[in-house]
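Visitor: okay, here's the prediction I keep looking at, along with the sequence it came from:
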Amino acid sequence: MYVERQTGAYTPIRVRHVENSGPDAALAPTVSAMPRRPHALVAPLLVLAMVGCTPTTALPPASPPSEEAPLFASDEEALAAATEAYEEFLAVSSQILQDGGRDPERLLPLVSDEVYETELEGFTEVDSRDLSVSGSSIATDTQLQQHISGAAGLAEVIIYVCVDVSATDVSDSNGTSLVDPDRPSHLAFEAGFVSDQDGHLTLNSKSIWETESVCGDS
């Protein structure tokens, strides 16, 4: 069931775009202050008069710019990671629905606060109306829309997902199905993910998309 809504030196940012990409996305690189040079040591004038010389201070060589490897080495890696993250989101969401919408907090580690609040509306409706949900939604195809890698191993990935909902059903307290028999068997979504410094992807946006362009003839 779905609720349809939705690290000193400068480090370069690497951006990959996929042809015919959708809405723009931006990820700013991490920027920190440039390394400070150590202050020269100044000897007291009395010591200078006694030794008859001037002090010199050797400065250490400048450190080479640090450049962290991007979180994903390729668009393929980014797509695979985002696909896995979306499949986990679907699995947990389906389980919550099958449990009558109870304990929705199970979804919190996987999504942003905004996505959670949107999904919570569906869980709450199932619980309050005593609905029964059976079956699970399954991602059958994913396509990369955009992959942006930035500093500190951070990344943003946007994908299109085709979801098979044909095995799901929603029934009222009398056991009567509330699903339109003519409903589409597949739905398409645009899903946006952002990573944290541990490389964990969080679903931070989800919106309905044109089913035909993602699911083909499904």
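Guide: In hand now; what should we look at?

Visitor: now for Val163, how many residues are close by?
Guide: Using other Cβ atoms under 10 Å, Val163 has 25 other residues around it. Bear in mind the C-beta positions are built from the backbone N, C-alpha and C, glycine included.

Visitor: correct me, but Ala82 touches Thr142?
Guide: Yes. Using Cβ atoms under 8 Å, Ala82 is in contact with Thr142, at 7.2 Å.

Visitor: which neighbours do these two share?
Guide: Ile159 (Cβ atoms under 8 Å, 6 or more residues apart in numbering).

Visitor: now do the helices in the protein.
Guide: Under the criterion DSSP state H, helices of the chain are mapped to 45-51, 75-98, 113-128, 211-215.

Visitor: any idea of the mean pLDDT for the last one?
Guide: By that I understand helix 211-215. Helix 211-215 shows a mean pLDDT of 93.

Visitor: try the second one
Guide: Summarised as a single mean, pLDDT over helix 75-98 is 97.

Visitor: can I get it in CSV, CA atoms only?
Guide: The C-alpha atoms that make up helix 75-98 are tabulated as CSV, following Å, rounded to 0.1, in the frame of the first residue of the first chain:
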residue,chain,number,x,y,z
ASP,A,75,27.3,5.1,-11.3
GLU,A,76,26.7,1.4,-11.3
GLU,A,77,27.8,1.2,-7.6
ALA,A,78,25.6,4.1,-6.7
LEU,A,79,22.6,2.6,-8.4
ALA,A,80,23.2,-0.8,-6.8
ALA,A,81,23.4,0.8,-3.3
ALA,A,82,20.3,2.9,-3.8
THR,A,83,18.4,-0.1,-5.1
GLU,A,84,19.3,-2.1,-2.1
ALA,A,85,18.3,0.7,0.2
TYR,A,86,14.9,1.1,-1.5
GLU,A,87,14.3,-2.6,-1.3
GLU,A,88,14.9,-2.5,2.4
PHE,A,89,12.5,0.4,2.7
LEU,A,90,9.8,-1.6,0.9
ALA,A,91,10.4,-4.6,3.1
VAL,A,92,10.1,-2.7,6.3
SER,A,93,7.1,-0.7,5.1
SER,A,94,5.3,-3.8,4.0
GLN,A,95,5.9,-5.5,7.3
ILE,A,96,4.5,-2.5,9.2
LEU,A,97,1.4,-2.5,7.1
GLN,A,98,0.9,-6.2,7.6
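
Visitor: and it with helix 113-128, angle?
Guide: 30 degrees (axes from the mean of the first three to the mean of the last three Cα atoms, to 10 degrees).

Visitor: pLDDT value on the residue nearest to Gln146 when sequence neighbours are not counted, please?
Guide: The shortest distance from Gln146 to any non-neighbouring residue, by Cβ to Cβ, 6 or more residues apart in numbering, is to Ile158 (4.5 Å). Note on Ile158: pLDDT of 98.
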